[in-house]
Every structure is written in C-alpha cells, then in structure tokens.
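# What shape does this take:
(one chain, ligands or ions: 2)
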Amino acid sequence: MARARPQFVCANCGAVSSKWQGRCDSCGEWNTLVEETAASAPVALRTSRGKPVALAALSGETTELPRTLTGIAEFDRVIGGGFVPGSAILVGGDPGIGKSTILLQAAAALAQSGRRVVYVSGEEAIGQIRLRAERLGLAEAPVALAAETHVEDILATLQAGPQFDLAIIDSIQTLWTDLAESAPGTVTQVRTSAQALIRHAKASGAAIVLVGHVTKDGQIAGPRVVEHMVDAVLYFEGESGHQFRLLRAVKNRFGPASEIGVFEMTDAGLKEVSNPSLLFIGERDKASPGTAIFAGIEGTRPLLVEVQALVSDSALATPRRAVVGWDPNRLAMILAVLDARCGVRFATQDVYLNVAGGLRLAEPAADLAVAAALISARAGVATPSESVYFGEVSLSGAVRPVAQTAMRLNEAERLGFSRAILPAGRREGVRSTLTLNDVTTLADVVAAIAAESAAGGSGRPSR
Ligand code: TYD
Ligand code: MG
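Ligands and ions are numbered 1, 2, ... in the order given. Modelled structure (predicted):
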C-alpha cells in the first residue's frame, strides 16, 4: 500500500497544496493552511472506463418538487417553500444566536404533523436538549434524539428502521468519520463527513440540515467548502443586543436567494414576526431630524426600514465615520457626492449612520434614503414624516431608477405613508395613491428638505 503523504489544506477555501505556506495561494487568506494526511493514490487513477449517459432535451416533462412544510411560515419561505426531499441545507450563524433553538422548533413542528424527524446533537447531551424542548413547550413532540458525532454510527442509525423525512445534524464541526485519517475538526474531516451525510440524503430522499458555526469575520469556520456541496445555505444573524433574528438564504437551488425570515427571541423560543416593516420603522420620533424611511426589498418581500443619521461638530483632525448596518465605503461615497455635487459639507463633522432594528442593508436603492437622512441631520430639519425614499445615487449626483417600484410603493401605502421620493423614469403599470415626487439629482432632494425648513416644516427649531 502506498504511504500516506502529508498535504496542506486551506481552512478557508479548501485548496490543497503540497507544502506549507503562510498565505493561501488560492484565496489569499493568511495562516489558514493546516497539515493533513491523504491517501496517495488519487481516486481518478483507480476508476475504470466510463460509459456514455443518455442525454436529454431542455424541454420535456418535469414534476413539481414535493415540499414538506413546517408550518413556521417565516422559516418555510426562507427555505423556498418547505423542505425538498433529498436536499441538504447548511445553517450557519454565530454561537448562541439561536440555530439549535429554531431547528428544534422546526423539527418539533414537523414531527407533530406526523413526519419522522431525527435530531442528532454533537454538542449537547440528551438531557440538555430535553430541557430546551421543555422550555419551548415542545417536550411532547415525537422527535427522535441522539447525541452522537461518529458519522458511520449516525448513518447506520438513519438507515435502520423506517425512512426519516428530516435529519438535523448539530453541528458539522463536531463530526468525525473513519473515511478520513486526519483529526476531528479538520477541513478534511468536516468535508468528508458532510459528503457522506449529503450522499445519504440524496440516496434516501430524507432532507438533511447541517449546522455550522461562523467565525468572527462572518465565514463558516473551516468548512466553507461545505457551502459548495449543499443545496441551500442559510445564515442566522442578529445583533446580540437586539432580540431580533434574521434567517437569510444566501444560496438556494430550490428557491429565491436573499430571502429573509424575521424572528424575535423570547423566553419561549423564537417567535415569527410576520409584519417586519412595523418592526424596522418601530417607535419613531417623526419630528426629529436625521431619519428617513427606506422602501426596500429583501428577497421577494418589500420591507420598510428606518435609516438614522447623526452629524455633529468634530473635535478630531480626521472626523469619525461610524456605520452600523450599511457599507462604510458606500457612506463615504454618498458623503463625497453630497459635498462635490450639492455643496453639503461634512469635512469637519463626525457622521454616524445606523439602520434601525439591527438589519443590514445591501441594496444600492438605499442610497437615496441614506442621503436624505444625512441632509436632514446636517440641516437640522426632519424629512417629511409621511414619506418613503428609494433610489440609487451615482457619482455624478444623478438619482438612478431601481427595480420593483410597484412593490415598494404598495408596502408604503399599506403602512400608511402618503408620499414617495423616487427616481424619475418610466413607470409602466405602476398605480399608487401615494404622491410621487420624482427626483433626477441629489440636489433636488437637498432643495426639497431646505424648502421644508423654510416652510416651517415638521422640523424642530434649531437650537
Ligand atoms: P442556541 O439555539 O443554543 O444557539 P446556537 O445553537 O446558535 O449556538 O441559542 C442559545 C441562546 O438563545 C441562549 O443565549 C439563550 C437563548 N434562548 C432564549 O432566549 N429563549 C429560549 O427559549 C431559548 C431556548 C434560548
Ligand atoms: Mg447550538
């Protein structure tokens, strides 16, 4: 038998190299190469000649994928409308964010509707899981529990007896398999273990959920490689100070990606928030300057979010720019455009920007709302309280149209807003009872807020 030779695997991207290096050639991360042993004969050399497979046409009979719904609507939507048999889902998130809690709730809901569900924990003892179930009021749900980390034993358990509909493995970082020689917790172990479980899912038709912990910089620790192997990747996120949690699909072969589900962490587990716009525009002080409501889209759903800005005289040579929930580079760009194209200066001001409720905005359409909040904070004049903002700002100061105008306007209308400040442009088929204020440049927005001030507006008198 050929001797095993050492190889070095990147814990971030999974790239393999034959010698140790400080920096991974493939992804550029530092100190991520770890030594692992591998069988020396590559599998490819041992396989026999292949045989041709039947090719099919693009058009033809297709069957609708059957789905298994948990009944937790926010959860079902994020996974694309229920679990697909034979699919594998990776759920990532910081430790303590609530992954085990939401999955136990989903498992219990499915089990109560008569499905066979197994929950395998490599992190907690059976007693701990029972305590949690009791706290969640789910102790009666017929979920099968196991505390196990050995993949071969888990597979044997899944194969014994009647077919399971859903298996939850919490977490992949604790698994180890006889198929890999390296130590538990290494990239090879995690990848090989995940592969074996996913193969079982495909072969048996059981849906499988793998839990993975995320490192501080937001990557699934080590087994980033697992992301490529699964059908869907969900992240469970939230600010530790807030009780709100977002389940976000970043990849989904069976549904829209970037879909979010909103939950609230209570002492009886995670509760769905079915009207999240109300949450993110929550208790708002309509008369105070520095806020603007953004009419956004998260996944397939419209969402209104309050953007807050604070501008104050700086005592520093380089004024502070602090951002929560938005891209700091994008803030720098908006500040530069306001300065260069509209004459609104922030050079000697500290600027703080915050997205309410712990949400993270990624849409360029949020530019206009951010700009409005900044202008309003700088001028000390509130934006008109019944207005929503959306539009992308370009470096020239022009406001560019964005997609899904109708959906944004409908949501604003539903929540009692009466005016929208939006990019001018063709709007076929958009019918709205809102007053639509078209803007073509950011200077229009500056002028409108200045006019609000001159009219005595809803702003507070400046001190
Ligand atoms: P957990 O699901 O164990 O997190 P993860 O699996 O992502 O590591 O969640 C643990 C946290 O949730 C813990 O800080 C306590 C809190 N929690 C509640 O607030 N209410 C509850 O009903 C439960 C079960 C947990
Ligand atoms: Mg856990």
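
# For the rest of this, base every contact and every neighbour count on C-alpha atoms.
Will do.

# mind listing the strands for the stretch 351-463 of the chain?
Applying DSSP state E, counting those that start in this stretch to the stretch 351-463 of the chain gives strands spanning 387-389, 392-393, 399-400, 419-423, 435-439.

# so which of those is the most packed in?
Stretch with highest mean neighbour count among those: strand 387-389 (a mean of 26; mean count of other CA atoms under 10 Å).

# lowest-pLDDT helix or strand in this protein?
Across the helices and strands of the chain, mean confidence by mean pLDDT, DSSP states H and E is lowest for helix 43-46: a mean of 52.

# what's the neighbour count on Gly127?
10 (other CA atoms under 10 Å).

# Give me the next element, helix or strand, following the helix or strand encompassing it.
With secondary structure defined by DSSP states H and E, Gly127 is part of helix 126-135. Using DSSP H and E, the helix or strand that follows helix 126-135 towards the C-terminus is strand 144-147.

# got the buried residues for that following strand?
Neighbour counts using 16 or more other CA atoms under 10 Å place Leu145, Ala146, Ala147 of strand 144-147 among the buried residues.

# Check which helices and strands it is in contact with.
Using 3 or more CA pairs under 8 Å, 6 or more residues apart in numbering; DSSP states H and E, the elements in contact with strand 144-147 are strand 117-121, helix 126-135.

# Would you tell me which of those gets closest to Val34?
If you check each of the helices and strands packed on strand 144-147 against Val34 by CA to CA, strand 117-121 wins as the nearest, at 26.3 Å.

# which neighbours does the closest one have in its sheet, and in what orientation?
strand 144-147 (parallel), strand 166-170 (parallel) (DSSP bridges).

# what comes into contact with the helix holding Gly127?
Under the criterion CA atoms under 8 Å, 6 or more residues apart in numbering, residues Thr101, Leu104, Ala139, Leu145, Ala146, Ala147, Ala268, Gly269 lie in contact with helix 126-135.

# Check stretch 75-90 too.
Outside of stretch 75-90, the residues that reach it under the criterion CA under 8 Å, 6+ apart are 65-70, 165, 198, 201-212, 226-227, 230-234, 247-249, 252, 254-256, 259-261.

# Averaged pLDDT, that stretch. What do you get?
On average, the pLDDT along stretch 75-90 is 93.

# what's the first-to-last distance across that stretch?
Chord length of stretch 75-90, first to last residue, is 14 Å (CA to CA, to the nearest Å).

# roughly how far is that stretch from the heart of the chain?
Counting by CA atoms, centre = their mean, to the nearest Å, stretch 75-90 is centred 15 Å from the centre of its parent chain.

# can you tell if that stretch touches ligand 1?
No. Using CA under 6 Å from any ligand atom, stretch 75-90 never reaches ligand 1; the gap is at least 12.8 Å.

# List the buried residues for that stretch?
Of the residues in stretch 75-90, those scored as buried under the neighbour-count criterion (16+ other CA under 10 Å) are 75-90.

# Okay, and which of these map to helices?
For the buried residues of stretch 75-90, the ones inside helices are Phe75, Asp76, Arg77, Val78, with DSSP state H as the criterion.

# how close does the last one get to ligand 1?
Read it as Val78. 17 Å (CA to the nearest ligand atom, to the nearest Å).

# And that residue, how far from Ala362?
As judged by CA to CA, Val78 and Ala362 stand 18 Å apart.

# Contacts made by the top strand by length along the chain with the rest, please.
For the chain, the strand that runs over the most residues, judged by DSSP state E, is strand 301-313. Among residues not part of strand 301-313, those counted as contacts by CA under 8 Å, 6+ apart are 259, 276-278, 280-281, 290-297, 348-356, 369-370, 373-374, 377-378, 407-408, 411-412.

# List the buried residues of that strand.
By 16+ other CA under 10 Å, the buried positions in strand 301-313 come out as Pro302, Leu303, Leu304, Val305, Glu306, Val307, Gln308, Ala309, Leu310, Val311.

# The closest residue to the last one other than its chain neighbours pairs with what?
Spelled out, that is Val311. Sequence neighbours aside, Val351 is the residue nearest to Val311 in space, at 4.7 Å (criterion: CA to CA, 6 or more residues apart in numbering). Using DSSP bridges, the bridge partners assigned to Val351 are Val311, Arg321.

# Next up, the contacts around Val351.
Under the criterion of CA under 8 Å, 6+ apart, the contact partners of Val351 comprise Ala309, Leu310, Val311, Ser312, Pro319, Arg320, Arg321, Ala322.
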